[in-house]
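# dropping the sequence and predicted coords here.
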Amino acid sequence: MAELNIPAAPALLPKEEQKKWRSAYASAFKQAQIDFPEDLPAQQSAALREANRMLRVDAPESYEEAQKIADHLVLVRGTRIDEKTQKEYLHLVTIDGKKHRFEVPATGEGKGRGKSKEKADEKEPEAKTA
């Protein structure tokens, strides 16, 4: 059996997540020794694939889900104004390189950049002419 030599965990992970990554690698390597006896490259590859599963990010389906993604899984998270529509959008790039964009919801009077749907539907009072 090959000696277990755990590679360094990705540096972008917090210390606690690095421990989990190393543990996942060790566990998967032990299983790979059973699955692929006498094939060290296959064992290492299987262990690395399994450990890296924790780096996968499920695609968010809403602004709220995008905001809940852990910081260590995000490369870019910020708001931008669309030049054509003048609406504010959350721009998100996850560590797997996927880009996501969600309109920032209105947050009530005096907060946020847009009007709530209720306020947007109200008409402005018309000026009286004398």
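Yep, it's here.
# in this structure, which spans are helices?
Using DSSP state H, the helices of the chain run over residues 15-35, 40-52, 63-68, 117-121.
# any chance of those helices in a markdown table, plus mean neighbour count?
Yep, even glycine has a C-beta here, placed from its N, CA and C like the rest. Below are the helices of the chain laid out as a markdown table (neighbours: other Cβ atoms under 10 Å):
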| stretch | mean neighbour count |
| --- | --- |
| helix 15-35 | 15 |
| helix 40-52 | 17 |
| helix 63-68 | 14 |
| helix 117-121 | 9 |
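# closest one to His91 among those?
Among the helices of the chain, helix 63-68 comes nearest to His91, with 9.6 Å by Cβ to Cβ.
# the closest one packs against which elements?
With contacts taken as 3 or more Cβ pairs under 8 Å, 6 or more residues apart in numbering; DSSP states H and E, helix 63-68 sits against strand 88-94, strand 99-103.
# just the CA coordinates of that helix, formatted as PDB?
The C-alpha atoms that make up helix 63-68 are tabulated as PDB, following Å, rounded to 0.1, in the frame of the first residue of the first chain:
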ATOM      1  CA  TYR A  63     -30.600  37.400  -4.800                       C
ATOM      2  CA  GLU A  64     -31.200  36.000  -1.300                       C
ATOM      3  CA  GLU A  65     -29.500  32.700  -2.100                       C
ATOM      4  CA  ALA A  66     -26.600  34.500  -3.700                       C
ATOM      5  CA  GLN A  67     -26.100  36.600  -0.500                       C
ATOM      6  CA  LYS A  68     -26.100  33.400   1.600                       C
END
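# show me what that helix is in contact with.
Defining contact as Cβ atoms under 8 Å, 6 or more residues apart in numbering, one finds that helix 63-68 is touched by Pro60, Arg77, Leu90, Leu92, His100, Phe102, Glu103, Val104, Pro105.
# let's go with 7 Å and repeat that
With contact meaning Cβ atoms under 7 Å, 6 or more residues apart in numbering, helix 63-68 is reached by Pro60, Leu90, Leu92, His100, Phe102, Glu103, Val104, Pro105.
# with stretch 39-52 instead?
Residues outside stretch 39-52 that contact it (Cβ under 7 Å, 6+ apart): Ala2, Trp21, Ala24, Tyr25, Ala28, Phe29, Ala32, Gln33, Asp35, Phe36.
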